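1. coordinates only, sequence not included:
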RNA sequence: GUGGCUAUGGUGUAGCGGCAACACGACAGGUUGUGGUCCUGUUAUCUCGGGUUCGAAUCCCGAUAGCCACCCCA
């Protein structure tokens, strides 16, 4: 009388997704393109572990920051070590820099990295708990040319991926010399207007005052118009640095906007900060006859944040107890991949097979294993369905896959030492001796390329 | 963490209190080696648990999950 127990099928973890089929090619293409451009500019690849000591992230990201406070996947080992799944890449790369004595290499050290990162937050469009980032870091030199080069790589990689409407917003956050004074003035200003702030901003006022500047609430936007700007408070060093960055960008013809309200999430940034966006066209009229489809407030330009970064001259001290200037950025790979797909940009060069290998009978099946390997060696992509034995079922698949040539290797052919080559379009089939097959097939394939 | 919306085969949907339907896909076959069409069959305890009712996929409550937005961020 035992009640049948219904087992819930095991599902993937919330916010962590399977990436399948062509989507994998998109993700890989983004990673590869960034790496290709970066390596051209002298960056070297690095891969760091997914798990790090929790403390590596605690100070650099800001112990009050949301990421550290509630978004990190923390775990404790049997030995009692506190570890975390990495929520971002810069701290790890910086750690590696010190750990492997990269100070003794010619400076700056230029590194490119990529992989999965983890944040425990509520998933929504374009934001998952496991997400992929690719990024670069230039460590050990404070010259503004490094800021510019890093942006150069970012921009070129996105262009190389076929994204045309890329815009870079830049700003300077000042440094330890000038930012405290600015912060004080900012707080004083907002203290006077505290009552007009939205609920969230009242919280920001306490936690992260710089963030007051990029609230989207109407009253706060109005308020910030008269708010003090970092730009007016930069010290001489920061001012010079920033204007040099802009000069280099001008020189390279990289389009950018000065966004004086741009701030970034992590504590470790100083001086230059930037974000990269794709400008989306105004939304099209939804469909004819759907009069309610167009909302006027939506009919403006929208932009999608793809990545961002900046300079972090103080991070070295937090991680390696040495002041090491650095600049870098990270790109949201999943977002870029999604965007490319939406824009019908190809994920990879065409490798769709033009040949399908059909086998019939045990002897042919074995021979086809050898034949496939020969084709692979000469670089001919091929499709097959070795687990199906009926000729009809196999031909059916050839049709569905829209493959122009079927190579038929059956019991008879196996005995004769021949293969049949059938054109799916015309139905014409010729029989080739096996030893001539490899030579002939290359020529035949040219018809379809 | 806070809110809104949704939940029917592998996928996309219909049914809105009375036998769960359709399309696509997948698989098998239509007399043992020649495809696309066609035909047949197979593919669902209507997310789960309670309640209302003679009767629930349908109405109500709860759970769970997913999506979207806020916060935050890439």
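-> Looks like it arrived, so ask away. Keep in mind that what you see is a predicted model, and the values were worked out from it rather than measured.
2. tell me which element residue A:115 is part of?
-> strand A:109-118 (DSSP states H and E).
3. in stretch A:115-125, what counts as buried?
-> A:115, A:117-120, A:123 (16 or more other Cβ atoms under 10 Å). Placement of C-beta: from N, CA and C, glycine included.
4. ugh, typo on my part, it should be stretch A:18-32
-> A:23, A:25-32.
5. Export those residues to JSON lines and append columns for distance to RNA strand B and pLDDT.
-> Shown next, in JSON lines, are the buried residues of stretch A:18-32 (distance: Cβ to the nearest atom of the strand, whole Å; pLDDT from 0 to 100):
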{"residue": "A:23", "distance to RNA strand B": "14", "pLDDT": "87"}
{"residue": "A:25", "distance to RNA strand B": "19", "pLDDT": "89"}
{"residue": "A:26", "distance to RNA strand B": "15", "pLDDT": "91"}
{"residue": "A:27", "distance to RNA strand B": "13", "pLDDT": "92"}
{"residue": "A:28", "distance to RNA strand B": "17", "pLDDT": "93"}
{"residue": "A:29", "distance to RNA strand B": "17", "pLDDT": "94"}
{"residue": "A:30", "distance to RNA strand B": "12", "pLDDT": "95"}
{"residue": "A:31", "distance to RNA strand B": "14", "pLDDT": "95"}
{"residue": "A:32", "distance to RNA strand B": "19", "pLDDT": "95"}
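6. Can you pull the residues of the stretch 151-300 of chain A lying near RNA strand B?
-> A:200, A:203-204, A:208, A:211, A:215-217, A:264-266, A:275 (Cβ under 7 Å from any atom of the strand).
7. low pLDDT regions in the stretch 101-250 of chain A?
-> Filtered on pLDDT under 70, the stretch 101-250 of chain A yields no residues whatsoever.
8. Now do the strands in it.
-> A:109-118, A:130-139, A:166-172 (DSSP state E, counting those that start in this stretch).
9. Dump those strands to TSV, plus distance to residue A:365.
-> Conversion of the strands of the stretch 101-250 of chain A to TSV gives the following (distance: least, Cβ to Cβ, whole Å):
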stretch	distance to residue A:365
strand A:109-118	40
strand A:130-139	40
strand A:166-172	51
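10. most packed of these?
-> The highest mean neighbour count among those, using mean count of other Cβ atoms under 10 Å, belongs to strand A:130-139: a mean of 24.
11. who does it touch, helix- and strand-wise?
-> helix A:22-40, helix A:90-99, strand A:109-118, helix A:144-160, strand A:302-311, strand A:326-332, helix A:333-342 (3 or more Cβ pairs under 8 Å, 6 or more residues apart in numbering; DSSP states H and E).
12. residues in contact with the closest residue to RNA strand B within the stretch 201-350 of chain A?
-> Across the stretch 201-350 of chain A, the shortest distance to RNA strand B (Cβ to the nearest atom of the strand) belongs to residue A:265, at 2.3 Å. Going by Cβ atoms under 8 Å, 6 or more residues apart in numbering, residue A:265 touches A:65, A:67.
13. Give me the most central residue, chain A.
-> With distances taken as Cα atoms, centre = their mean, the residue of chain A nearest its centroid is residue A:333 (1.3 Å).
14. contacting residues for residue A:23?
-> Taking Cβ under 8 Å, 6+ apart, one finds A:337, A:341, A:347 in contact with residue A:23.
15. thinking again about what came up before, what's the closest of the strands of the stretch 101-250 of chain A to residue A:307?
-> For residue A:307, the closest of the strands of the stretch 101-250 of chain A is strand A:130-139, at 7.7 Å, according to Cβ to Cβ.
16. picking that back up, now, of the contacts of residue A:23, which are buried?
-> A:337, A:347.
17. Show me what from the stretch 1-150 of chain A comes close to RNA strand B.
-> So the stretch 1-150 of chain A meets RNA strand B at A:4, A:6, A:11, A:14-15, A:65-67, A:88, A:119, A:121-128, A:131, A:133 (Cβ under 7 Å from any atom of the strand).
18. Please name whichever of the strands of the stretch 101-250 of chain A is nearest to residue A:76.
-> Nearest of the strands of the stretch 101-250 of chain A to residue A:76, taken as Cβ to Cβ: strand A:109-118 at 16.3 Å.
19. can you pull the pLDDT of the residue of the stretch 201-350 of chain A closest to RNA strand B?
-> The score at residue A:265 is 72. That number is its pLDDT.
20. separation between it and residue A:239?
-> 24 Å (Cβ to Cβ, to the nearest Å).
21. same question, residue A:411
-> Counting by Cβ to Cβ - residue A:411 and residue A:239 are separated by 82 Å.
22. how distant is stretch A:115-134 from the center of its chain?
-> 10 Å (Cα atoms, centre = their mean, to the nearest Å).
23. residues making contact with it?
-> Contacts of stretch A:115-134 (Cβ under 8 Å, 6+ apart): A:13-17, A:27, A:30-31, A:34-35, A:47, A:50, A:66-67, A:70-73, A:85-89, A:112-114, A:304, A:307, A:330-335, A:338.
24. if we can go back for a sec, which PyMOL command selects the buried ones in the residues of the stretch 151-300 of chain A next to RNA strand B?
-> For the buried members of these, the matching PyMOL selection, counting by 16+ other Cβ under 10 Å, is:
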select buried, chain A and resi 204+208+211+215+264+266+275
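25. show me where the stretch 251-400 of chain A has helices.
-> Taking DSSP state H, counting those that start in this stretch as the test, the helices found in the stretch 251-400 of chain A are A:315-320, A:333-342, A:362-377, A:391-401.
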